[in-house]
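Undergrad: can't give you the sequence, but here's the structure:
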Ligand SMILES: [Zn+2]
Ligand SMILES: [Zn+2]
């Protein structure tokens, strides 16, 4: 037995969403059809508009339908300090967790030559120009502590040095409040090797 | 910090989907924006069409954009046997798990007077006519083993008896392969009270 063509298409299409398997897709489809037509129609409209109109900020590559994002437009942000992150949600997370008042640069990924992701795919050609111009005096590397994230941080650090900017990398180690035994051994080894004098 | 208006709207709208909280909505939005614009656009289109065009089968209330669903259209299905279920996905689950060859009736809920869900909301007025007409000789009650599901089953059983149809209720008890200790006490009590002669 199959549902009607349109419902089968809807269930299949909902699986484009990350983390949605066949069962949740079915549950979502019937929830919208039976209980929330208005919400479903609103989602269809805003999703269509977003897929068509959202581009990226010309300066930091944060997705936005505007030419420049609100952070790059803001006068209250220090344009001489740039924090390098992999994904748009990192910007949100850092802005919530810190009192950082510089700007960001969103890579949208990590250097991964085997997957065809080189500097140009991450917008690093454009960033290179800005770093060389000397307009940026400080770079904070907040890419993920993975092999590719580390390689990406090193690549940008080199560009930053050539442009005369100082560079720092966010700290990695045992999470605050984390029990040692629940932390994976890679993190633990990293935290141990990166220990600091305690005074 | 907030994302651009369209992205904030998209994240808010994705929360119309059941089981999607703020974090998954954000992850879904950026996944589609950064990695699957085509999938997102296709979802927007099919979702819009489904919200607009899907109605319900005139006979069994299964959601469909057609006048009659494929089950009610089928000649190979016994129109004299009707299985009463709460949701469209129950139809799918029963059809996969059994060799049932009758038809279904989809309530779309359970009787719940306090929530304003009476017989008419579940299409029971239409079902009553069919039961009274004597065209149905057997009714299988497959509503959920909850207070409301049980009340709904009893309500329909009464209509069925008036129409001269025989009635059965699917069995509830310890799931196959289930360990007694992992089964909730309500189920266990029900299974114990409903024990059958073993030969
Ligand atoms: Zn920006
Ligand atoms: Zn039908």
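TA: Thanks, I have the structure now. Since the model is a prediction, treat every value here as computed from it, not as a measurement. Ligands and ions are numbered 1, 2, ... in the order given.
Undergrad: Thought residue A:29 was touching residue A:10, still the case?
TA: Yes - the pair residue A:10 and residue A:29 qualifies as a contact (C-beta atoms under 8 Å) at a distance of 4.8 Å. Where you see a C-beta, it was placed from the backbone N, CA and C, and this is true even at glycine.
Undergrad: Burial check on residue A:163, number of neighbours?
TA: Using other C-beta atoms under 10 Å in any protein chain shown, residue A:163 has 19 other residues around it.
Undergrad: Contact partners for it?
TA: A:131, A:132, A:133, A:134, A:136 (C-beta atoms under 8 Å, 6 or more residues apart in numbering or on different chains).
Undergrad: Looking at those, which is nearest residue A:97?
TA: residue A:136 (22.5 Å; C-beta to C-beta).
Undergrad: How about residue A:36: what's its closest non-neighbour residue?
TA: Take residue A:36 and drop its neighbours on the chain: the residue closest to it by C-beta to C-beta, 6 or more residues apart in numbering or on different chains is residue B:16, 5.8 Å away.
Undergrad: and residue A:129, that's in a helix?
TA: Yes - counting by DSSP: H, G, I helix; E, B strand; the rest coil, residue A:129 falls inside a helix.
Undergrad: follow-up on the earlier one: looking at the contacts of residue A:163, which two lie furthest apart in space?
TA: Longest span within the contacts of residue A:163, C-beta to C-beta: A:132 and A:136, 9.6 Å.
Undergrad: Which residue of these two possesses the greater neighbour count?
TA: The neighbour comparison of residue A:132 against residue A:136 (other C-beta under 10 Å) goes to residue A:136, with 24 against 14.
Undergrad: Just say helix, strand or coil for the more buried one.
TA: coil.
Undergrad: ok, it to residue B:115 distance?
TA: Going from residue A:136 to residue B:115 by C-beta to C-beta, to the nearest Å gives 59 Å.
Undergrad: got the buried residues for stretch A:183-198?
TA: A:183, A:187, A:190, A:191 (16 or more other C-beta atoms under 10 Å in any protein chain shown).
Undergrad: Repeat that for stretch A:74-94.
TA: Those would be A:77, A:81-92, A:94, for stretch A:74-94 by 16+ other C-beta under 10 Å.
Undergrad: what's residue A:84 sitting at in phi/psi?
TA: phi -90, psi 120 (degrees, to the nearest 10).
Undergrad: mind listing what it touches?
TA: Residues counted as contacts of residue A:84 (C-beta under 8 Å, 6+ apart) are A:104, A:105, A:107, A:139, A:140, A:141, A:142, A:143, A:152, A:153, A:156.
Undergrad: Export the residues you listed to TSV and append columns for neighbour count and pLDDT.
TA: Shown next, in TSV, are the contacts of residue A:84 (neighbours: other C-beta atoms under 10 Å in any protein chain shown; pLDDT from 0 to 100):
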residue	neighbour count	pLDDT
A:104	27	96
A:105	27	96
A:107	23	95
A:139	26	94
A:140	19	93
A:141	21	92
A:142	21	91
A:143	25	91
A:152	25	95
A:153	22	93
A:156	26	95
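Undergrad: Okay, and which of those map to helices?
TA: Using DSSP state H, the subset of the contacts of residue A:84 located in helices is A:152, A:153, A:156.
Undergrad: Among those, which one lies nearest to ligand 1?
TA: Using C-beta to the ion, residue A:156 comes nearest to ligand 1 of the ones in helices among the contacts of residue A:84, at 16.9 Å.
Undergrad: any idea of the pLDDT on the residue nearest to that closest one when sequence neighbours are not counted?
TA: Closest residue to residue A:156 apart from its sequence neighbours, by C-beta to C-beta, 6+ apart: residue A:84 at 5.6 Å. For residue A:84, the pLDDT comes out at 94.
Undergrad: do the same with residue A:11
TA: 97.
Undergrad: Pull the contacting residues for the residue nearest to the spatial centre of chain A.
TA: Central residue check for chain A by C-alpha atoms, centre = their mean: the C-alpha nearest the mean position is that of residue A:87, 0.7 Å away. Contact analysis of residue A:87 by C-beta under 8 Å, 6+ apart lists A:106, A:107, A:108, B:30, B:34.
Undergrad: Just give the nearest non-adjacent residue to the closest residue to ligand 2 within chain A, would you?
TA: Per C-beta to the ion, residue A:4 is where chain A lies closest to ligand 2, at 9.9 Å. Closest residue in space to residue A:4, ignoring its immediate chain neighbours: residue B:64 at 3.9 Å, by C-beta to C-beta, 6+ apart.
Undergrad: Thank you kindly, that will do.
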